[in-house]
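Colleague: Take a look and give me a structure for this.
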Amino acid sequence: MQHLETSVTRLAADQPFALSWEIRPIGTGEVIGGDPTRAVASFSTRKISVLLACLALVETGELSLEDRGEVTEEMKDGVQAGIMRNLSAGISLSLRDCLLQMMSTSDNICTQLVFHAIGSVRSDPLQWVNDYCAWMGLHATLHREIFPRTGDLTWSHSLDTLTTTTARDQSHLLEQLGRGCIDEGTAAQLLLSKELCEFARDAMLGLFTPALGVACTQIRFAEKNGRGLRSLSQVGLALATSGAPLAAVAAYAENIPTVLPSGIPGRVAVFDLFAELGLAVEEWARGR
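Modeller: Next up, the predicted model:
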């Protein structure tokens, strides 16, 4: 772990942008990180807590993965992520499909449908998600909107109206999820079953734009991305080839310059860093 911390710290120090990060091996109580409590815009990494908060209602029987919702034309307004914005209104999707698309393509119409499903059994679906985060110990995470209109933001936007989180909160939640996939008691602490924890993990394995695991060959990552005008983020569970959870990883790059002095686009440099971070975790996992 000390070698891993040194490697990631060196990676972060070499970049002309701010990186907050945290890594937690599953079940050991160890934690390493750099500036992990700095408040950052969550963007689509928020959808992990939305996913789990919704699944908690599936666990109680108040919702079913087979419940259906219908895409409306109004839901498409301002949507930039996902595939449903390009399809005809009137399409009916199961809650299962909505959750999987919310995680794999970050579909914001499907995310709206997930909130609608939560709202069918809770008077304030956004409050339900915030309550769930508080129960799980994510005390620096605040969901402020069901659908963020990110297309209206400028590079210098404030965080005041956005969902905010920290690398610490996200690594904590993912570490709980990883343990919940192998232990019924931890799953129950998440208000889920072991099977629903596995569903959440598998939904994250379907991400269309992996970054942490893009260069790994010995481990996999179940991950979720976040995309802002001046920020990029990637969080996930490192998994052995058997599927066993190894570590929770959260990384948030902020104030990314449009171009580096070398001429490389800033966002390309961040994706390279995420890949290097994944490889560093892979090296740690091989040496355990």
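
Colleague: mind showing which ranges of the stretch 151-288 of the chain have poor pLDDT?
Modeller: 151 (pLDDT under 70).

Colleague: one more time with 90, if that's ok
Modeller: Filtered on pLDDT under 90, the stretch 151-288 of the chain yields the residue ranges 151-162, 208-209, 228-229, 287-288.

Colleague: Would you map the strands across it?
Modeller: 164-165, 220-227, 232-239, 245-254 (DSSP state E, counting those that start in this stretch).

Colleague: So which other helices or strands are in contact with the first one?
Modeller: Read it as strand 164-165. strand 40-41 (3 or more C-beta pairs under 8 Å, 6 or more residues apart in numbering; DSSP states H and E). Where C-beta positions appear, they are placed from N, C-alpha and C, glycine not excepted.

Colleague: so the next helix or strand after the strand it packs on versus strand 220-227, what angle?
Modeller: Following strand 40-41 in sequence order, the next helix or strand is helix 47-60 (DSSP states H and E). On the basis of axes from the mean of the first three to the mean of the last three C-alpha atoms, to 10 degrees, helix 47-60 is oriented at 120 degrees to strand 220-227.

Colleague: Distance from the helix or strand following helix 47-60 to the middle of the chain?
Modeller: Counting by DSSP H and E, the next helix or strand C-terminal to helix 47-60 is strand 68-70. Distance of strand 68-70 from the chain centroid (C-alpha atoms, centre = their mean, to the nearest Å) equals 24 Å.

Colleague: buried residues in strand 68-70?
Modeller: Gly69 (16 or more other C-beta atoms under 10 Å).

Colleague: any chance of the strands of the stretch 151-288 of the chain in a markdown table, with distance to Ala275 and mean neighbour count too?
Modeller: What follows is those, written out as a markdown table (distance: least, C-beta to C-beta, whole Å; neighbours: other C-beta atoms under 10 Å):
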| stretch | distance to Ala275 | mean neighbour count |
| --- | --- | --- |
| strand 164-165 | 22 | 24 |
| strand 220-227 | 11 | 24 |
| strand 232-239 | 10 | 28 |
| strand 245-254 | 11 | 26 |
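
Colleague: between those strands, which one is nearest to Met102?
Modeller: Set against Met102 and scored by C-beta to C-beta, these come closest in strand 220-227, at 9.6 Å.
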